[in-house]
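[1] One predicted model, sequence on top.
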Amino acid sequence: MSAAAAAVFQAGRSCRIGGRFSQSKLLHSIVSSQPMHSASAGSQQCREMSSFFFSYSSSTFSSSGSPVQNGERADIDSSAASEARPPVVFVVGAGDATGAAVARRFARDGFTACVSRRPRHAAQLQDLTESIRSAGHRAESVPLDARKPDDVVAAVDRIERDVGPIEIAVFNIGANVKFDTVDTTPRVFMKVWEMACFAGFLVGKECGQRMKQRGHGTIIFTGATASVQSNPGFSAFSSAKHGLRAVAGSLARELAPDGIHVCHVLIDGMIDTAFVRDNFPAVYADRKPRQGILSPDSIAEQYAALHRQPKDAWTFEMDLRPWVAKW
């Protein structure tokens, strides 16, 4: 056993209290403070410690979080089981582009990716889950209509109980529609607001409550150009995105004293998606070779960087755009 692995083993033993483990602080330190892909001199030790920690936890605990003794599961209360399991990134709006890339990125850092879309997209959600698992990482599908308060509460409760503590929550639901204001029906306006703003409030509220009890965590809201600029045809979308930005700002100021980092990321440009490729082929053909379209993987890297920021230099709002963008 290497020195790094031995350190984790000894720390794990020291965290055993009355037959139970309390390893969340150790795990949080490894995953959050020492990123596995760091280029620092200590990165190899960090990777080794992280790898041993997760294998140690997996061999010590069953999939439900209860400890395994001689191949048999021992009784343990739910709070202790939660502390012993790897942390979770909860991605609400895990579509085929940005949401999926964010889930994969954090899964590579050792988080269990709990990915969520509306139940009608359950098949695509399962495909994403399986793709993450096939790469050797942990993932769970959480079909969810995030506009429904009771469903959001139930989803968060299920994750915290059955999977692990939510360390990172990413709200990435899009609701981009284009209608002139005089042609926008009340139903369309309300539906867009529910998806792009109200759902974000629900997810931030529920995840924030759990994180506040533990004293750490990150909540990231995906914004858009419409979050700060109202263009013709986008009154419904823009008002909802303005509202989401306001929710994020209030939540950031409320939860920062409790150690919770809340961020709003303004995506100011086209993202490399099937929609853009199919509907703007000329623009795509011109910009893609020049890195003139936002890559979902590049966006995901910035989300990971936000989570790793030290407490003395937190970002609330980050705006991302290609270098060729005019703004």
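    Ah, there it is. Computed from a predicted structure; not experimentally measured.
[2] Please enumerate the helices of the stretch 101-250 of the chain.
    In the stretch 101-250 of the chain, the segments counted as helices under DSSP state H, counting those that start in this stretch are 122-134, 149-158, 186-193, 199-214, 235-255.
[3] Show me what whichever helix or strand comes after the last one pairs with in its sheet, parallel or antiparallel.
    Where DSSP states H and E defines the elements, the next helix or strand beyond helix 235-255 is strand 260-267. Listed by DSSP bridges, the sheet partners of strand 260-267 and their directions read strand 217-224 (parallel), strand 317-320 (parallel).
[4] about what we covered before: minimum distance to D286: which of the helices of the stretch 101-250 of the chain has it?
    helix 235-255 (25.6 Å; C-beta to C-beta). In short, each C-beta sits where N, CA and C put it, glycine included.
[5] Which neighbouring elements make contact with that closest one?
    Contacts defined by 3 or more C-beta pairs under 8 Å, 6 or more residues apart in numbering; DSSP states H and E place helix 235-255 against helix 186-193, helix 199-214, strand 217-224, strand 260-267.
[6] And that helix, what's buried?
    Using 16 or more other C-beta atoms under 10 Å as the test for burial, helix 235-255 gives 235-245, 247-248, 251-252, 255.
[7] What is the nearest of these to D150?
    Minimum distance to D150 across the buried residues of helix 235-255 is 19.5 Å, recorded for V247 (C-beta to C-beta).
[8] quick one: which of the helices of the stretch 101-250 of the chain is nearest V262?
    Nearest to V262 among the helices of the stretch 101-250 of the chain is helix 235-255 (3.7 Å), distances taken as C-beta to C-beta.
[9] To G110, which of the helices and strands packed on helix 235-255 lies closest?
    The closest of those to G110 is strand 217-224. By C-beta to C-beta, the value is 14.6 Å.
[10] What's the separation between W193 and F280?
    Counting by C-beta to C-beta, to the nearest Å, the gap from W193 to F280 is 27 Å.
[11] Columns mean pLDDT and distance to F106 on top of the strands paired with strand 260-267, output as JSON lines?
    Below are these laid out as JSON lines (pLDDT from 0 to 100; distance: least, C-beta to C-beta, whole Å):
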{"stretch": "strand 217-224", "mean pLDDT": "97", "distance to F106": "10"}
{"stretch": "strand 317-320", "mean pLDDT": "97", "distance to F106": "17"}
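[12] quick revisit: wait, which of the helices and strands packed on helix 235-255 is closest to V163?
    Closest approach to V163 among the helices and strands packed on helix 235-255 is made by helix 199-214 (12.4 Å; C-beta to C-beta).
[13] now, of the strands paired with strand 260-267, which is deepest in the fold?
    For the strands paired with strand 260-267, the largest average neighbour count (mean count of other C-beta atoms under 10 Å) is found in strand 217-224, namely a mean of 26.
[14] any weak-confidence spans in the stretch 1-150 of the chain?
    The model of the stretch 1-150 of the chain has pLDDT under 70 over residues 1-83.
[15] neighbour-wise, which of W193 and F280 wins?
    W193 (20 against 14; other C-beta atoms under 10 Å).
[16] For the buried residues of helix 235-255, name the two members farthest from one another.
    By the measure C-beta to C-beta, S235 and L255 form the most distant pair in those, at 30.3 Å.
[17] which residues touch the closest residue to W193 other than its chain neighbours?
    Excluding the flanking residues, the one nearest W193 by C-beta to C-beta, 6 or more residues apart in numbering is A240, at 4.6 Å. Applying C-beta atoms under 8 Å, 6 or more residues apart in numbering, one finds that A240 lies in contact with 175, 192-193, 195-197.
[18] how about 6 Å then?
    192-193, 196-197 (C-beta atoms under 6 Å, 6 or more residues apart in numbering).
[19] So F316 versus A103, what's the distance?
    F316 is 23 Å from A103, by C-beta to C-beta.
[20] Please identify which of these two sits among more neighbours.
    Using other C-beta under 10 Å as the criterion, F316 and A103 rank with A103 on top: 28 against 14.
[21] The nearest residue to that one once chain neighbours are set aside: neighbour count?
    By the measure of C-beta to C-beta, 6+ apart, the closest residue to A103 outside its immediate chain neighbours is A113, 4.1 Å from it. Residues within reach of A113, counting by other C-beta under 10 Å, total 30.
[22] One more: P232?
    That count, for P232 with other C-beta under 10 Å as the rule, works out to 8.
[23] Can you tell me how far the closest residue to it other than its chain neighbours is from R290?
    Leaving aside its chain neighbours, P232 sits nearest to D180 (7.1 Å; criterion: C-beta to C-beta, 6+ apart). D180 is 33 Å from R290, where distance means C-beta to C-beta.
[24] Now do the residue nearest the centre of the chain against P186, distance only.
    Against the mean C-alpha coordinate of the chain, by C-alpha atoms, centre = their mean, the closest residue is V170 at 3.6 Å. According to C-beta to C-beta, V170 stands 30 Å off from P186.
[25] Over to F201?
    20 Å.
[26] With I271 instead?
    Relative to P186, I271 is positioned 29 Å away (C-beta to C-beta).
[27] Thanks a lot, see you next time.
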